[in-house]
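K.L.:
please work out how this folds:
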Amino acid sequence: MFDSGTESFNLWAPFLEENGPIPGRQSLLRRQPGHLRGRVLLVVLAAWGLAIILPELTRVVGSLASYGFSADNNGVIFDVVAPFPTASQSPAARAGLVPGDRLDLARMRCTDPTSEACADIVGVLGGFGGLQYARPGGRITLAVLPAHGGAPRIVRLAAALAPLGWSARLVLLADTIVGALFIAVAVHLVWTRPSWMTWGFFLYAMWFNPGQTYTFYALIGPWPPAVLAEQFVEALAQGAGYAGLLAFALRFPTGEADPPWSRLEPGLPWLGGIVAAATLLGAGNFFGFPTERIIAPVFLCGYLIDAAVILVLVLRMRHLPPQDEQRMRWAIAGCAIGLPGFIFAELCQSSSVFYDLWGSVPSQAVIGLLYLLHGVIAYFVGTAVRRRRVVSVAIPLRRGAVLTALTFVVGVPILYLHEKVATAYEGSLHLAGWIWPAFVGPIALLALTRLHETAVDLMERAFNRRYHRAQHQLQHAGQAALEAEDFAAIDRLLAEVPVDALSLSSAAVFRWMDGTLRRAEPAIGWGPDGLVALERERDGQVFASFAQGAPVPLPRGRWQRPGLPGDDLAPCLAVPICGGAVEGIAVALFGPHLTGTDINEDERELLRAFAARVAIGYDRVETELLRREVRALRTALAALGAPKLATPPA
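P.N.:
Below is the predicted model of the structure:
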């Protein structure tokens, strides 16, 4: 489904195995006798991470209730409408609450974790403030200090159902699925490549993923001790997540921290501990203490850590060999896209910044899309860790940009149509809400998929001048191979032209000579004492290309034997030259690009087509040689007075 060189934008890719070891990896399984305990811990933490986001699937098909207001960690109410479309539907607005009203934290403080008063305050401020949901039928009692002065008052609210629109449901479904995949990718990396690097990424993914926790908090809300315990665990997870992400940045891609950066590692546990402690103090609003001044710096610290991660990756990239540099570019691209998306989503979700600036907060669908954007980190990082040789990161970025543009092109008209139908036929045409996600959504998804494939193909072929230039060079060389007079001329074309056209680092042709697959000259990037012959027992991956009749990727580090070029020049693709001979004629071994990127799928297709024309050229030369031998033999026999041989067909 996904081979080691394809550039397809596939979120399932990080689940697949990469052939070959990772150099420098310090396996926890080898270093620790109790590695089983590590795997048990991994499963437990992953189960917790999934348990808090998977309940959101119930909101995809059902609805939670809400009291219709959002408050910050000081208890200041900054919105009395969301998640309802209008104030008339919000229980808080109908009860007379307005932005600026303040919860009397001292009167509502949680002195007895089993009391209703404690349940009221954790139901409002659980999860560090912001919008909260509740179970249908839920009720709370608030002690409110009016924004414009006056006597404190008691407000009793009954939660009203807050159904999501079909677009918000689709976004929520995507967030939950991508969140689960995010955690699963991180688990897979630790399970198959245990190191401090992969553990660090897992600790980040366990908490910082696109999944949402509204339903989980609504379920445990009636039990304040459970909410308090969850807040404690989340504080630890947040501190561990930030420290883990920095540990990943310091060690990727080799699994070892470079000497200049290794001095920072001892401070990571302290950093995580400080973040966790500050986050725990943020729960002091349950006990009557305003904590916005604590939580705001925690958020700011997190944003600074995210920026530091990108900075560390960029600085370390400068000192990496080409192939590892390309892997680092993948990690940087994922972080540069995903981390800002998560920051904006968190600002919308848990603070009043956007309400203070514009007087409103983005819809749940918009916030969900921002969280979804954060999910690309799992794809880019998972691919960069799993593969030791990657294609250019520009390929998935281009395809992602096309997909995003087409999503707006297809999605906006559908939303507009939905609103127009609802407005024009209100009261006369009753369409069930499930019609849109059940029928319109799949049709739109199918159309989007087809448009994406077509648009990507057009962009790659119409605007990629490098591709067209390489295609022209290889076609011209293929024609020259058809007109070549000897094997040496074709060998030279087969080795030199792809290197020049595709900017490859190395190339060598191994052709059958006297029953052995021997190296022909020139061999670009291969030393004079390099491998001169291939053996079926030791070079099975290369010989497999003859059986498949198609180019075969050679994963980095998998094919190792004396005589091969160095790591940056080592072959990454075996292209068989299969003419009329049963065992094939030759095999061409090509190294990665000079930049360190792998040969991508389109380039493989160009090389496959070029090899097919070269095979015809080899057959033509061999046929001409046989004719010459027959003519020479006939002449020799005629000189001896032997019967005349029949002339071979043209």
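K.L.:
assign residue 111 to helix, strand or coil.
P.N.:
Using DSSP: H, G, I helix; E, B strand; the rest coil, the structure places residue 111 in coil.
K.L.:
tell me the phi and psi of it?
P.N.:
phi -90, psi -30 (degrees, to the nearest 10).
K.L.:
in the protein, what residue spans correspond to strands?
P.N.:
Assigned by DSSP state E, the strands in the chain fall at 65-66, 70-71, 77-79, 102-103, 130-131, 139-145, 153-158, 160-161, 507-513, 516-524, 533-534, 552-553, 573-577, 586-590.
K.L.:
between the ones you listed, which gets the lowest average pLDDT?
P.N.:
Note on the strands of the chain: lowest mean pLDDT is at strand 130-131, with a mean of 82.
K.L.:
so which of the strands of the chain gets nearest residue 112?
P.N.:
strand 139-145 (14.8 Å; C-beta to C-beta). (Each C-beta comes from the backbone N, C-alpha and C, glycine too.)
K.L.:
need the pLDDT of the nearest residue to residue 45 once chain neighbours are set aside.
P.N.:
The shortest distance from residue 45 to any non-neighbouring residue, by C-beta to C-beta, 6 or more residues apart in numbering, is to residue 206 (5.5 Å). Per-residue pLDDT puts residue 206 at 94.
K.L.:
ok, now which ones touch residue 206?
P.N.:
45-46, 48-49, 183, 186, 237, 240-241 (C-beta atoms under 8 Å, 6 or more residues apart in numbering).
K.L.:
could you do residue 371 as well?
P.N.:
175, 179, 210-212, 341-342, 345.
K.L.:
in helices, which of these fall?
P.N.:
175, 179, 341-342, 345 (DSSP state H).
K.L.:
can you lay out those as TSV showing distance to residue 501, neighbour count and pLDDT?
P.N.:
Shown next, in TSV, are those (distance: C-beta to C-beta, whole Å; neighbours: other C-beta atoms under 10 Å; pLDDT from 0 to 100):
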residue	distance to residue 501	neighbour count	pLDDT
175	44	26	92
179	43	28	95
341	38	19	86
342	41	21	86
345	44	23	83
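K.L.:
pick out the most distant pair among those residues.
P.N.:
Pairwise over the ones in helices among the contacts of residue 371, using C-beta to C-beta, the maximum falls at 179 and 341, 13.3 Å.
K.L.:
sorry, back to before: ok, now how distant is the residue nearest to residue 45 from residue 41?
P.N.:
11 Å (C-beta to C-beta, to the nearest Å).
K.L.:
and residue 240, by the same measure?
P.N.:
12 Å.
K.L.:
give me the longest helix you can find in the protein.
P.N.:
Longest helix in the chain, counting by DSSP H: helix 601-639.
K.L.:
residue 528: how many residues sit nearby?
P.N.:
6 (other C-beta atoms under 10 Å).
K.L.:
whoops, I mixed them up, residue 53
P.N.:
Neighbours around residue 53, by other C-beta under 10 Å: 23.
K.L.:
and the closest residue to residue 239 other than its chain neighbours, what does it touch?
P.N.:
Of all residues not flanking residue 239 in the chain, residue 276 sits nearest, at 3.1 Å (C-beta to C-beta, 6+ apart). Contacts here follow C-beta under 8 Å, 6+ apart; on that basis residue 276 touches 235-236, 238-240.
K.L.:
and which of those residues is nearest to residue 369?
P.N.:
For these, with residue 369 as the reference and C-beta to C-beta as the criterion, the closest is residue 238, at 22.9 Å.
K.L.:
from residue 220, how far out is the closest residue to the closest one other than its chain neighbours?
P.N.:
Of all residues not flanking residue 238 in the chain, residue 279 sits nearest, at 5.3 Å (C-beta to C-beta, 6+ apart). Going from residue 279 to residue 220 by C-beta to C-beta gives 18 Å.
K.L.:
also residue 367?
P.N.:
Distance from residue 367 to residue 220, by C-beta to C-beta: 22 Å.
K.L.:
kindly report the same for residue 42.
P.N.:
24 Å.
K.L.:
where does pLDDT dip in the protein?
P.N.:
The chain contains residues with pLDDT under 70 at 1-34, 350-361, 400-463, 580-583, 642-650.
K.L.:
quick check, central residue of it?
P.N.:
The residue lying closest to the centre of the chain (C-alpha atoms, centre = their mean) is residue 379, at 1.3 Å.
K.L.:
pretty sure it is touching residue 334, no?
P.N.:
Yes - between residue 379 and residue 334 there is a contact at 6.8 Å, judged by C-beta atoms under 8 Å.
K.L.:
can I get stretch 123-134 in CSV, CA atoms only?
P.N.:
Output in CSV follows, covering the C-alpha atoms of stretch 123-134 (Å, rounded to 0.1, in the frame of the first residue of the first chain):
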residue,chain,number,x,y,z
GLY,A,123,-18.6,21.9,36.1
VAL,A,124,-17.8,25.5,35.2
LEU,A,125,-14.0,25.6,35.4
GLY,A,126,-13.0,22.0,34.9
GLY,A,127,-10.3,21.6,32.2
PHE,A,128,-9.0,25.1,33.0
GLY,A,129,-12.0,27.2,32.1
GLY,A,130,-13.5,28.0,28.7
LEU,A,131,-16.5,26.5,27.2
GLN,A,132,-17.9,23.5,29.1
TYR,A,133,-20.5,20.9,28.3
ALA,A,134,-22.8,19.0,30.7
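K.L.:
name the residues that touch that stretch?
P.N.:
Contacts for stretch 123-134 (C-beta under 8 Å, 6+ apart): 64-67, 70-73, 75, 79, 82-83, 103, 138, 140, 142, 159, 162, 213-215, 217-218, 221, 227, 230-231, 234, 279, 282-283, 285-286, 292, 295, 349-351.
K.L.:
quick one, which of those are buried?
P.N.:
64-67, 70-73, 75, 79, 82-83, 103, 138, 140, 142, 159, 162, 213-215, 217-218, 221, 227, 230-231, 234, 279, 282-283, 285-286, 292, 295, 349-351 (16 or more other C-beta atoms under 10 Å).
K.L.:
quick revisit: and the residue nearest to the centre of the chain, how close does it get to residue 373?
P.N.:
Counting by C-beta to C-beta - residue 379 and residue 373 are separated by 12 Å.
K.L.:
got it, and residue 182?
P.N.:
The value you get for residue 182 to residue 373, if C-beta to C-beta is used, is 12 Å.
K.L.:
who has more neighbours, these two?
P.N.:
For residue 182 versus residue 373, neighbours defined as other C-beta under 10 Å are more numerous around residue 182 (30 against 20).
K.L.:
contact partners for residue 280?
P.N.:
231-232, 235.
K.L.:
switch the cut-off to 6 Å
P.N.:
Going by C-beta atoms under 6 Å, 6 or more residues apart in numbering, residue 280 touches residue 235.
K.L.:
do residue 80 as well
P.N.:
69, 90, 92-93, 97.
K.L.:
buried subset of these?
P.N.:
Buried, going by 16+ other C-beta under 10 Å: 69, 90, 92-93, 97, out of the contacts of residue 80.
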